[in-house]
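**Q** Okay, sequence plus prediction incoming.
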Amino acid sequence: MTSSPEGVDRLLERFASSPLAPIARKVAGKERLSFEDGLALFATRDLHGLFALANFDRERRHGNAGYYNVNRYLNPTNLCWVDCGLCAWARRPGVEGGYTMAVEEAVSEAASGWHDGVTELHIVGGLHPTLPYSYYVDLMSALRSRFPGVHLKAWTMVELDWIARVGKKTVAEAIADLKAAGMDSCPGGGAEIFEKRVRNVICANKITGEEWLQIARECHRQGVKTNVTMLYGSVETAADRVDHLVRIREMQDETGGFLGFIPLAFHPEGTQFPHLLAAGGLEDLRVIAVSRLMLDNLDHVKAYWVQIGEKLAEVALQTGADDLVGTVTEETITHAAGARTETGLSRLQMEKLIRDSGREPFERDAFYERVVRDPDGRVLRANRHDFTATGRIAAPPAGLPSHSSEIDPAIASS
Ligand code: SF4
């Protein structure tokens, strides 16, 4: 069904005798859905109807585009004092398997293992108990100087709160310092479910939902766009999910600072809740579809293939999602919790996946603008940065371990 007048007519016809008819009329008329509508969508047994509505909305926004970007994950430390029940990845200090990269090591790690020209580094880690404030600022500066045209999407709201506390700064001061050092935008992790009762179970020591939103508000005020997530499939109710989505929507009304929404499926393996059963595929798709319909002021709803699997992510592009996040080189966090997916896809694999879903691949940069590559795949333009103007030098700066043969020359040299 297209969003043309005939498409709208067909949509309404399809729902004429359905309990979802009032919601379908709102969707057709671009009217905001209520809290009760959200509950109804989480409860409906008409999944085909739900998916049709979400797909209608998705196609009205994005046509046939299936977005992705070429990104690499960088996790500078997995040491964390917070001890969230939901987390299988972090290690408490002194426990086997913990690590921390020095700034130079992190830069070297960021430079390694690139199969395609990376246009974005996604940087998150644990709340390290002793790293100084300067570490975070220096890491941003070092990455910015090493990879000038690569978008640095760094630090969740939870980490920004901790970095500020470590530096005895206000959150506003910490954001300003990190932004000046190179931070371009922020990932959306740590939002979990905003409702306190749920947070008390799954992440009791983490900042509250209100604090998370307040820090996002400050990022947006300073012109730093952020993403936002929702962790589903632990101990939350449908009402908790709808409440979470409504709070995101309210914040977006206020600031317009969210780039995209990523529903994250809870993976119980290795967490403090191994007895919980992970959400099934239809539930994954339902969350994506309801999110698409509730978040009327947020452009992009992502299907995170690492968590829900490549095949289901393919389907999700037909049930509300428009973006598969990225190629995600070196993902470790969800894999620590039992994900069986690859730890990274090539650009070719990603484009095949999107084509197989019936969509047209659109390699985007951090601002959802098209990445331009030459016939050999080297990046010519991304993140409002023109690589053709900078020339290409293959050698890494002196003093850094050489991974130049693994780095796309267009990125390595600019
Ligand atoms: S979820 Fe984040 S804050 Fe919580 S233990 Fe894991 S790394 Fe630490």
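**A** Great, that's in hand. Residues are numbered from 1 along each chain as shown.

**Q** Close to the ligand: what parts of the chain are there?
**A** Proximity of the chain to the ligand is confined to Cys80, Val82, Asp83, Cys84, Cys87, Trp89, Ala90, Gly126, Leu127, Val158, Cys203, Lys206 under the rule Cβ under 6 Å from any ligand atom. Quick note: C-beta positions are derived from backbone N, CA and C, even for glycine.

**Q** how near is the closest residue to the fifth one other than its chain neighbours to Pro187?
**A** The spatial neighbour of Cys87 that comes closest, neighbours along the chain excluded (Cβ to Cβ, 6 or more residues apart in numbering), is Thr271 at 6.4 Å. When Cβ to Cβ, to the nearest Å is applied, the distance between Thr271 and Pro187 equals 20 Å.

**Q** Next, the distance between the ends of stretch 136-156.
**A** 13 Å (Cα to Cα, to the nearest Å).

**Q** Equivalent analysis for stretch 380-387, please.
**A** The stretch stretch 380-387 measures 5 Å between its terminal residues, going by Cα to Cα.

**Q** Tell me how this structure divides into domains.
**A** Per the record, the chain has its domains at 5-62, 65-373, by automatic domain parsing.

**Q** which of those is buried the deepest?
**A** Greatest average neighbour count among these goes to domain 65-373 (a mean of 20), per mean count of other Cβ atoms under 10 Å.

**Q** averaged over its residues, what pLDDT does that one have?
**A** Taken as a whole, domain 65-373 has an average pLDDT of 94.

**Q** can you check stretch 31-39 too?
**A** Averaging pLDDT along stretch 31-39 gives 98.

**Q** tell me the strands in the chain, going along the chain?
**A** 65-69, 71-74, 120-123, 151-154, 185-186, 225-232, 258-265, 300-301, 323-326, 360-363, 372-373, 379-382, 385-386 (DSSP state E).

**Q** centre of the chain versus the last one, how much separation?
**A** Its chain's average C-alpha position is 24 Å from that of strand 385-386, according to Cα atoms, centre = their mean, to the nearest Å.

**Q** cool, and stretch 168-175?
**A** Here stretch 168-175 is found 24 Å from its chain centre; the criterion is Cα atoms, centre = their mean.

**Q** What of stretch 317-330?
**A** How far stretch 317-330 lies from its chain's middle: 9 Å, per Cα atoms, centre = their mean.

**Q** Please save the CA atoms from that stretch in PDB.
**A** Only the C-alpha atoms of stretch 317-330 are listed here, as PDB (Å, rounded to 0.1, in the frame of the first residue of the first chain):
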ATOM      1  CA  LEU A 317      12.400  -3.500   6.800                       C
ATOM      2  CA  GLN A 318       8.800  -4.400   5.700                       C
ATOM      3  CA  THR A 319       7.200  -4.000   9.100                       C
ATOM      4  CA  GLY A 320       8.200  -0.500  10.200                       C
ATOM      5  CA  ALA A 321      12.000  -0.300  10.300                       C
ATOM      6  CA  ASP A 322      13.900   1.800   7.700                       C
ATOM      7  CA  ASP A 323      17.500   1.400   8.900                       C
ATOM      8  CA  LEU A 324      19.700  -1.600   9.700                       C
ATOM      9  CA  VAL A 325      22.100   0.400  11.900                       C
ATOM     10  CA  GLY A 326      25.400  -0.500  10.300                       C
ATOM     11  CA  THR A 327      27.900  -3.000   9.300                       C
ATOM     12  CA  VAL A 328      29.000  -3.000  13.000                       C
ATOM     13  CA  THR A 329      32.600  -4.200  12.800                       C
ATOM     14  CA  GLU A 330      33.700  -5.800  16.100                       C
END
